[in-house]
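1. Predicted model and sequence follow; I will ask about them next.
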Amino acid sequence: MKVCGVCEEQVPKYRCPTCKVRYCSLSCYKKHKDGCVPELLAPPSAPLNGTQSISEWTVEELLGEDSESDRVPLQRLKQLGESEELKALLCNPHLRQLLLTVDKAENKAEIMKTAMQEPLFVEFADHCLKIAEPVENEDVTH
């Protein structure tokens, strides 16, 4: 069983949205937030907040039960990275800019509505979904 990444005494119930360190209470979060380092800026093997590194947590611990239905099997994620169609689409600077805009947006739902009006973005999303969530015995005649 893991312990709080701040006090190292209690079982953590929460996860920092910035660096993913686990903490047990509001007081621990308040102590943690001043020294919080975003996950992407922390050196890969350096402990976050001086205690535990993100690599010590399993995927199950990081995602939690509430994320179960949103998981994509690792094999399918690898297929996304190996897809020649997706690689070809990602060569398009307009698509890359759309993806950066979606990634940086505060209101992701609203920006996705706008992005889905772009045929290139829809084509990209369709290719991703075909790999991540393939339809069994897809009816090609519709």
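-> Received the coordinates, thanks. Residues are numbered from 1 along each chain as shown.

2. Can you tell me the closest non-neighbouring residue to K33?
-> Ranked by Cβ to Cβ, 6 or more residues apart in numbering and with sequence neighbours excluded, the top spatial neighbour of K33 is C16, at 7.6 Å. The C-beta positions use only the backbone N, C-alpha and C, and glycine is treated the same way.

3. Domain ranges for the protein, per the record?
-> Domain assignment for the chain, taken from automatic domain parsing, gives 14-66, 72-132.

4. on contacts alone, who are the packing partners of the helix or strand harbouring L86?
-> In this assignment (DSSP states H and E), L86 forms part of helix 84-89. Contact here means 3 or more Cβ pairs under 8 Å, 6 or more residues apart in numbering; DSSP states H and E; on that basis helix 84-89 packs against helix 119-132.

5. Could you list every helix and strand in contact with the helix it packs on?
-> Helices and strands in packing contact with helix 119-132 are listed as helix 74-82, helix 84-89, helix 93-104; criterion 3+ Cβ pairs under 8 Å, 6+ apart.

6. that older thread, so for the helix holding L86, what gets flagged as buried?
-> L86, L89 (16 or more other Cβ atoms under 10 Å).

7. now it, how far from the chain's geometric center?
-> 21 Å (Cα atoms, centre = their mean, to the nearest Å).

8. per-residue confidence averaged over that helix?
-> For helix 84-89, the per-residue pLDDT values average out at 92.

9. returning to that earlier point: could you export the domains of the chain as JSON lines, including distance to C7?
-> Conversion of the domains of the chain to JSON lines gives the following (distance: least, Cβ to Cβ, whole Å):
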{"stretch": "domain 14-66", "distance to C7": "5"}
{"stretch": "domain 72-132", "distance to C7": "32"}
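
10. circling back: any chance of CSV for the helices and strands packed on helix 119-132, columns distance to C36?
-> Conversion of the helices and strands packed on helix 119-132 to CSV gives the following (distance: least, Cβ to Cβ, whole Å):
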stretch, distance to C36
helix 74-82, 27
helix 84-89, 33
helix 93-104, 20
